[in-house]
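Engineer: My questions concern the predicted model and sequence given below.
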Amino acid sequence: MNEVWNLDPIYRGFDDSAFAGDLKKLEELTGAYAAFVSELPGKQPLEGLKEGIRLEEGLTVTASRLFEYASLRQSANTRDAEAGSRLGQVMQIVSASAGAQAAWREWASKLPNLMALVNGDGELKDYAFLFENLRKNSTHLLGSLGEEISARMSLSGSNAWSDLQGYLTSTVPVSYNGGTTNLSAIRNLAYDPDPRVRKAAYEAELACYDRIKDSVAFALNSIKLETLSDCALRGYPSPLDRTLEQSHMKRETLQAMLGAMEEYMPKFRQYLKAKGKALGHENGLPWYDLFAPMGASAARYTAEDAKAILVELFSSFDEELAQMVERAFDEAWIDFYPRDGKTGGAFCAGVECLGQSRILTNFDGTFGSVVTLAHELGHAFHNQCLREQRPLNRDYSMPVAETASTFNECVVMAAAISRAKSREEKLALIESQLQDATQIICDIDSRYLFESMVLENRGERFMDADTLCGMMTKTQELTYGDGLDPNFRHPYMWICKSHYYGATFYNFPYAFGGLFARGLYARYEQEGASFVPKYKQLLRTTPVATAEDTALVAGIDLTDRAFWRSALQTIADQIDLFCQLVSEKEES
């Protein structure tokens, strides 16, 4: 089986004539868009709308293929200078079209009968949701020149600062055990069964950040200042308001979810203290043992094992999903193992030109890594469900982005727990799932609070590394509470989490996705196989409806705190079972 993904079906290299041809095509499309916009005043409304959509589709398809290839090359090796250069070249060409795109959107949004024209035309009506949002968001546009300036300046602004954070965290040397390793590898040791290894790795990780903390602090401060400036220029009351509007999600939904999470925080602290006590800690759980395996968790899995497990489990849910998973392994969609220069963590990127996806993981052979694969393959399945959508209708918002991925986790973990042959095995599986649940509740809430705090302060002052560490520690105290040992938290989480360096508030969507998926899985358990078509229809709906309307496909009201409580209660029930299993183990 492959260890790295195969990108050749996209391009065989940057010297591939197809790559050069698409670059030229992208430049031509950009020129054509500018020429089209200059002629807009003389065009009939319907003609202008249809020609604009065709140009937007052409730009999106061509730019996506070029961008995906260069971006995937860079993620696999951040030292790939040519990938970085080509990525910048593509972004530069795309940014040149920002002014023309803004001008067309502004023109379209001012048409008095816009929605009547869209809904009455067979070619345009598929984009009714897009045009409705274009009309609503038109007040936030900066005009053609302003949009082009904004797009061009971000290349040497937020995008460059984001690249710096990615480069520093993927290349910083970590001194450990008499040698040198990388950050991804050292963070993976948090799952090691040996407590001495976990603590030593935690200490080595924290020590390495001293080399890069000041540079990354500049990156974070610069990105957030750009965010505040952009929101002010566009007339958004706050960055959160901008994120919610772009996410097609109501503030009432966010408040309902966060409110329910706050109600259940004591339950998560109960879990953390119970785990800490089981591991011999009396002052709460130290950070370095957050991911300590419990029960019969020493098993290791190869990539081939992961394939067999996932194909078999997903076959019991949906054959279409199982077949896609098999293809992902067989057709080299996945880059499995950590290595120097490779981006940390895991992600899935849709490759629209192939009708496939590419998945990056840092697979370490634990069951947690198998679950991570299931998570990313959920994103791939979501992408596959959208193949029938038009090119501009394949981009779903952040909150619903984690739905299919976390649903996959629920399928895998429910099956694994039900098949557990011993108390130790069941304890290991439940504890693994509670680790993940604690991340999407306690840790995500701390990240949400931290980013809110940074944005509240950045307009008035620069926050140095020590200040950011203090803020991070404070938000962990607010969420984890006495579940964590106050002497062993993680003040540098703002450095290693790439989410702070991209889209604003890319944190609460994880809690949304995790809880939404658990709520959906509870419906599946109630309804059985009849729920599967409804679930896939819900995934297909995500790019063309609000979060609230998407949930209504499954009969769910997201603004009702009761739904979020029902999802959280499934986790609370597992915490009770975990505490029972730990207590029985101590007594035996």
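Structural biologist: Great, that's in hand.
Engineer: Every contact and neighbour count from this point should use C-alpha atoms.
Structural biologist: Will do.
Engineer: what's the domain layout of this protein?
Structural biologist: According to automatic domain parsing, the chain comprises the domains 17-156, 303-425+513-546.
Engineer: for the longest one, how far is the first residue from the last?
Structural biologist: With CA to CA, to the nearest Å as the measure, domain 303-425+513-546 spans 37 Å from end to end.
Engineer: Mind listing what's buried along the lengthiest helix in the chain?
Structural biologist: The longest helix of the chain (DSSP state H) is helix 45-76. Residues of helix 45-76 classed as buried: 45, 48-49, 52-53, 55-59, 62-76 (neighbour count, 16 or more other CA atoms under 10 Å).
Engineer: what does stretch 189-198 give?
Structural biologist: 189-193, 195, 197-198.
Engineer: So for it, mean pLDDT?
Structural biologist: Averaged over stretch 189-198, pLDDT sits at 94.
Engineer: Next, the distance between the ends of that stretch.
Structural biologist: OK, stretch 189-198 end separation, CA to CA: 6 Å.
Engineer: and it, how far out from the chain's middle?
Structural biologist: 26 Å (CA atoms, centre = their mean, to the nearest Å).
Engineer: and if you look at stretch 138-148?
Structural biologist: 27 Å.
Engineer: average pLDDT across that stretch?
Structural biologist: pLDDT averaged over stretch 138-148 gives 81.
Engineer: TSV for the domains of the chain, including distance to residue 232?
Structural biologist: TSV is the format used below for the domains of the chain (distance: least, CA to CA, whole Å):
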stretch	distance to residue 232
domain 17-156	10
domain 303-425+513-546	22
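Engineer: Highest mean neighbour count out of those domains?
Structural biologist: Highest mean neighbour count of the domains of the chain: domain 303-425+513-546, a mean of 20 (counted as mean count of other CA atoms under 10 Å).
Engineer: now that one, how far from the centre of its chain.
Structural biologist: 13 Å.
Engineer: same question, stretch 75-93
Structural biologist: 21 Å.
Engineer: Could you do stretch 41-56 as well?
Structural biologist: With CA atoms, centre = their mean, you get 34 Å for stretch 41-56.
Engineer: residues making contact with it?
Structural biologist: 29, 32-33, 36, 40, 101, 104, 108, 111, 117, 123-124, 392 (CA atoms under 8 Å, 6 or more residues apart in numbering).
Engineer: Next SSE downstream of the worst-scoring helix or strand of the chain on mean pLDDT?
Structural biologist: Least confident helix or strand of the chain, by mean pLDDT, DSSP states H and E, is helix 143-156 with a mean of 84. With elements assigned by DSSP states H and E, the helix or strand that comes after helix 143-156 is helix 158-171.
Engineer: Give the partner strands of the very next helix or strand once past that next one in its sheet and their orientations.
Structural biologist: Of the helices and strands lying after helix 158-171 in sequence (DSSP H and E), the nearest is strand 174-176. Sheet pairing of strand 174-176 (DSSP bridges) gives strand 179-181 (antiparallel).
Engineer: Return the set of buried residues in the partner strand.
Structural biologist: residue 181.
Engineer: so how far is that strand off the chain centroid?
Structural biologist: Offset of strand 179-181 from its chain centre (CA atoms, centre = their mean): 29 Å.
Engineer: Same question for stretch 261-280.
Structural biologist: 26 Å.
Engineer: Restricting to C-alpha, output that stretch in CSV.
Structural biologist: Written as CSV, here are the backbone C-alpha positions of stretch 261-280 (Å, rounded to 0.1, in the frame of the first residue of the first chain):
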residue,chain,number,x,y,z
MET,A,261,-22.0,23.4,26.4
GLU,A,262,-21.6,25.6,29.5
GLU,A,263,-24.3,23.6,31.3
TYR,A,264,-22.4,20.4,30.7
MET,A,265,-18.9,21.6,31.6
PRO,A,266,-19.1,20.1,35.1
LYS,A,267,-19.6,16.7,33.5
PHE,A,268,-16.5,17.0,31.5
ARG,A,269,-14.5,18.1,34.5
GLN,A,270,-15.9,15.0,36.3
TYR,A,271,-14.4,12.9,33.5
LEU,A,272,-11.0,14.6,33.6
LYS,A,273,-10.7,14.3,37.4
ALA,A,274,-11.8,10.6,37.2
LYS,A,275,-9.1,9.9,34.6
GLY,A,276,-6.5,11.9,36.6
LYS,A,277,-7.3,9.9,39.7
ALA,A,278,-7.1,6.6,37.8
LEU,A,279,-3.6,7.6,36.5
GLY,A,280,-2.4,8.5,40.0
